[in-house]
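Asks: Generate a structure from the sequence data that follows.
(chains A and B)
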Amino acid sequence: MGWSGRRQPILRCRADAHCLIFHSVVLLSYASAFWIYLHPRYAHIDGPWSMTAFVAAATIMLGWVSGIDVPVNFHNHAHNPLFSVPRLNRWVGRVWTFSGGWPSFFFEHAHLRVHHLNLLGSDDWTLPRRRPDGSFESQIRYALTHWPWRFGYHFYRDFTAQERAYEPGARALRELAIFIGLWSIPFWIDMRMALLLWVLPQWFGNVTISGAGMYLQHAGCIAKSAEHPYEHSNISLCPFLNLAMFNVGYHAHHHEYPRVHWARLPDLHERMKRKLSAQHARVFRIGYYRMANTLAKVWLSAADREARLARDPEFLNRATNVAQPFELAGPDDYVLCRRKAREAPR
Amino acid sequence: MNGLRRVALTVGMVFGRSFFPFAALSVTLGTLLWGPWVSLLIAVVLWELAGFVA
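Replies: As a prediction, this is how the structure comes out:
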């Protein structure tokens, strides 16, 4: 065995230190909230109402960061593992996603094998269902039903299917057992604390942040084709969103080149700019939070909604200076999906 | 001077990239200083602000 004298660094990319800092601060936030719950008199909590206020504040903040920590931050690790040691990658993954209410292997299955391989197709069960007119179901319906209900159902189906070429059932069971072991730690400390400051924030984060993110990254989009190569994703160029959420706004770029490191996505954008502009990519100036805020206002008319979903002027149609409507998907997309599902061999 | 700028940039990037968890930690630990009602107010204001700026 040769020895070159040069070893590969354990952390493969220095920028990934940010991913680890992010997750460490998330865990520290949970630990702080647990400590305050167990020592309420230090935090001016002297009755049920002040405890309710504390739990509400903690649910918003802890849920918020948990909703980013798995589907955005760990997601980077799922595509490009942080370390050069496979066993370390596996264990870091396990202690990463449990605080977001996910076994790491389950997230990788949903994201890599379902979402990326079947983007906007009838087999992509990670995305919202379509209405008869081809549009996505409402944001709130998707948010409330996707995690853990629909995802749990599909995990069960995928991991117990016998006829699949890829049979991850045994591994899924082992990973689920490890997840339950780690996830149950707060319950051993205090059952009520675990329900209020562990389960509730994770539910809130998955419903509001993760649910809205998954919805908005592809809302109104259509499946990739030769005619529409980049209209499968909504791109956000909001600087603050991309700074604080690992360049998640460069979403079409990510689907086109999923192995490109998150820190290199702005460079990739510079290279893809002309193509994105020529192919009418869906590029927005506003971030996903603002988009969620706009789409949640169901009383707005389609015209008002379009006006609030500000496109980046650099990517408007050059000839007409007009953006395509937000909702591109039509009834044909839905009929096609249903026909495909009916004709699929059972 | 360049060294100082580099340190400031690095620290800025650490806080920028982990803005949301540091905000969560500040609101949670801040309860020790200002109590739960102010923490709740800050959490709601941050939530609303994010809907405008991000």
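
Asks: Quick one: check the helix or strand encompassing A:Val283 for contact with chain B.
Replies: Applying DSSP states H and E as the criterion places A:Val283 in strand A:282-284. No - residues of strand A:282-284 are not located near chain B by CB under 8 Å from any CB of the partner chain, the shortest gap being 11.9 Å. For every residue, glycine as well, the C-beta is placed using N, CA and C.

Asks: Counting neighbours, what do you get for residue 43?
Replies: You didn't pick a chain, so chain A it is. A:Ala43: 23 surrounding residues under other CB atoms under 10 Å in any protein chain shown.

Asks: Chain B is the one I meant
Replies: For B:Ala43, the count of nearby residues is 23 (other CB under 10 Å).

Asks: picking up where we left off before, quick one: mean pLDDT for the strand holding A:Val283?
Replies: Strand A:282-284 shows a mean pLDDT of 94.

Asks: What lies in contact with it?
Replies: Applying CB atoms under 8 Å, 6 or more residues apart in numbering or on different chains, the external contacts of strand A:282-284 come out as A:220-221, A:230-231, A:233-238, A:252, A:276, A:291, A:309-312, A:314-315, A:324.

Asks: Try it again at 7 Å.
Replies: Strand A:282-284 is contacted by residues A:221, A:231, A:234-237, A:276, A:291, A:309-312, A:315 when judged by CB atoms under 7 Å, 6 or more residues apart in numbering or on different chains.

Asks: can you check stretch A:89-96 too?
Replies: Stretch A:89-96 is contacted from outside by A:His23, A:Phe74, A:His77, A:Pro81, A:Leu82, A:Phe83, A:Ser104, A:Ile178, A:Leu182, using CB under 7 Å, 6+ apart.

Asks: Identify each buried residue in it, please.
Replies: Within stretch A:89-96, the residues scored as buried using 16 or more other CB atoms under 10 Å in any protein chain shown are A:Asn89, A:Val92, A:Gly93, A:Arg94, A:Trp96.

Asks: Which member of the residues you listed is positioned nearest chain B?
Replies: A:Trp96 (13.1 Å; CB to the nearest CB).

Asks: Using the three-state scheme, assign that closest one.
Replies: Under DSSP: H, G, I helix; E, B strand; the rest coil, A:Trp96 falls in the helix class.

Asks: Quick one: name the residues of chain A near chain B.
Replies: For chain A, the residues found near chain B under the criterion CB under 7 Å from any CB of the partner chain are A:18, A:21-22, A:25-26, A:28-29, A:32-33, A:36, A:42-45, A:50, A:53-54, A:56-58, A:60-62, A:64-65, A:68, A:238, A:240-241, A:243-244, A:287, A:289-290, A:293.

Asks: of those, buried ones?
Replies: A:18, A:21-22, A:25-26, A:28-29, A:32-33, A:36, A:43-45, A:50, A:53-54, A:56-58, A:60-62, A:64-65, A:68, A:238, A:241, A:243-244, A:287, A:289-290, A:293.

Asks: Go ahead and confirm A:Cys13 touches A:His261.
Replies: Yes - with contact defined as CB atoms under 7 Å, A:Cys13 counts as touching A:His261 (6.0 Å).

Asks: Quick check: residues of chain B near chain A?
Replies: Within chain B, the positions near chain A by CB under 7 Å from any CB are B:14, B:16-25, B:27-29, B:31-32, B:35-37, B:39-40, B:43, B:47, B:50-54.
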